[in-house]
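> everything below, folded, please.
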Amino acid sequence: MGKGPTIRLGTIIDQFHLEVLYGPEGYRDRQISIQDVNRPGLQMTGYFDYFDRERMQLLGLVEWSYLQERTAEERMERFDQLFSYHTPAVIIARGLEPYPECMGSAKKYDQVLLRTKENTADFMSTLIAYLRVALSPTITRHGVLVEVYGEGVLLMGESGVGKSETAIELIKRGHRLIADDAVEIRRGFNNRLVGTAPELIRHYMELRGIGVVDVRRLFGMSAVKFETNIDMLVKLENWQDGAMYDRLGADEFFTELMGVQLPTLTIPVKPGRNLAVILEVAAMNNRNKKMGHNAALEFTRQIDAHIDGQLSSDR
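Numbering: from 1, shown residues only. Modelled structure (predicted):
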């Protein structure tokens with residue numbers, strides 16, 4: 001198989017509740033690395049040029065109907081040709097009954113043979129969508145990921161700046177934790193970034209002076225979430241006297257992450273600032289912007305209109 005992310009065949013079988021018609025020893029540990037699925041229509045006619053043996057193969061009603069009109073010898077020849085390529089798995093859709101030649105050839109070549117009751121086209125599109133997410137490249141970043149009013153907010157900043165403390169306050173206010181300390185990020189549907197936690201530290205959080213706490217047990221299942229889209233990046237930094245901080249918000253800043261431009265805010269931290277409330281407002285404001293309403297630009301237009309009006313009246 002090619003380099004890059006892979007997924008176990010057993011995981012796919014469990015996810016889609018596939019029936020195993022034949023599985024040679026160790027078949028569940030076979031690694032899938034290709035996001036696409038192939039319907040071997042031409043291959044059933046004997047044409048194997050440009051055949052990608054690393055894709056899973058899906059047989060539907062069209063292929064089954066074509067084979068029904070062939071002799072048993074022809075069916076055996078076609079299945080022998082197909083299974084000799086040792087593809088990761090062959091899946092029969094619509095709950096169709098496998099031909100005896102199909103089962104015989106699968107055992108002959110140790111080919112994994114699976115079955116689903118789903119419609120061929122529906123199953124194929126769902127499986128490809130699942131594989132594209134599961135096999136998308138993943139990066140890990142130091143930070144905290146929370147969901148605030150439905151917005152995925154990635155908190156980043158130097159160690160000790162207060163990311164976890166801010167997150168725990170947000171959780172107490174009814175929002176949800178996805179990941180603390182390490183965030184696994186991948187690019188999902190529609191060029192969106194999706195974040196989750198490494199399995200080993202999922203739902204755990206480190207608070208200085210207290211130690212590691214289990215957020216799910218302390219606050220309940222409603223306080224955690226497995227994954228979420230990342231809608232904005234918030235950089236927390238210690239307040240620096242004399243530094244220029246954005247007070248209007250008319251200029252928008254972005255950070256490129258895995259080829260995606262992520263809206264970015266820099267929020268200075270100092271005693272007395274309620275960061276949880278500030279992040280709640282930031283999340284709501286980000287939703288407003290996505291819906292086409294930018295308060296800073298509207299305020300700027302009102303100021304410009306007021307100045308133009310004053311200048312006109314002075315003439």
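
> near Leu218, how many other residues are there?
The number of residues packed around Leu218, counting by other CB atoms under 10 Å, is 12. Backbone N, C-alpha and C define where each C-beta goes, glycine included.

> give me phi/psi at it?
Taking degrees, to the nearest 10, you get phi -70, psi -40 for the backbone angles of Leu218.

> just the pLDDT at it, thanks.
pLDDT recorded at Leu218 is 94.

> that one and Val212: what is the separation?
11 Å (CB to CB, to the nearest Å).

> swap in Thr255?
Distance check for Thr255 against Val212: by CB to CB, it reads 29 Å.

> more neighbours: those two, which one.
Just comparing Thr255 and Val212: by other CB under 10 Å the higher neighbour count belongs to Thr255, 14 against 11.

> excluding covalently adjacent residues, which one is nearest to that one?
When the adjacent residues along the chain are set aside, Thr255 lies closest to Thr264, with 4.5 Å between them (CB to CB, 6 or more residues apart in numbering).

> checking Glu77 next. Helix, strand or coil?
Classification of Glu77 into helix, strand or coil gives helix, according to DSSP: H, G, I helix; E, B strand; the rest coil.

> which positions within the helix or strand hosting Val277 qualify as buried?
In the assignment (DSSP states H and E), Val277 maps to helix 275-290. When burial is assessed from 16 or more other CB atoms under 10 Å, helix 275-290 yields the following buried residues: Leu275, Ala276, Leu279, Glu280, Ala282, Ala283, Asn285, Asn286, Arg287, Lys289.

> show me what that helix is packed up against.
Other helices and strands packing on helix 275-290, by 3 or more CB pairs under 8 Å, 6 or more residues apart in numbering; DSSP states H and E, are strand 138-148, strand 151-157, helix 163-172, strand 232-238, strand 260-269.

> and the ones you listed, which is most packed in?
Neighbour counts averaged per stretch over the helices and strands packed on helix 275-290 are highest for strand 151-157, at a mean of 24; criterion: mean count of other CB atoms under 10 Å.

> which residues touch that one?
The set of residues that contact strand 151-157 without belonging to it, under CB atoms under 8 Å, 6 or more residues apart in numbering, is 141-147, 163, 166-167, 178, 183, 195, 228-237, 262, 269, 279, 282-284, 286-287.

> now stretch 209-223
Contact with stretch 209-223 is made by Ile168, Ile171, Lys172, Arg176, Leu177, Asp180, His203, Tyr204, Met205, Glu206, Leu207, Val224, as judged by CB under 8 Å, 6+ apart.

> that one spans what distance, first to last residue?
Stretch 209-223 has an end-to-end distance of 22 Å (CA to CA, to the nearest Å).

> what does stretch 269-282 give?
With CA to CA, one end of stretch 269-282 sits 15 Å from the other.

> now it, how far from the chain's geometric center?
Its chain's average C-alpha position is 29 Å from that of stretch 269-282, according to CA atoms, centre = their mean, to the nearest Å.

> test my guess that Gly95 contacts Lys117.
Yes: between Gly95 and Lys117 a contact is recorded at 4.2 Å, counting by CB atoms under 8 Å.

> find the nearest non-adjacent residue to Ala129, please.
Nearest-residue entry for Ala129: Phe189, 7.3 Å, with adjacent residues in sequence omitted and distances by CB to CB, 6+ apart.

> cool, thanks, signing off.
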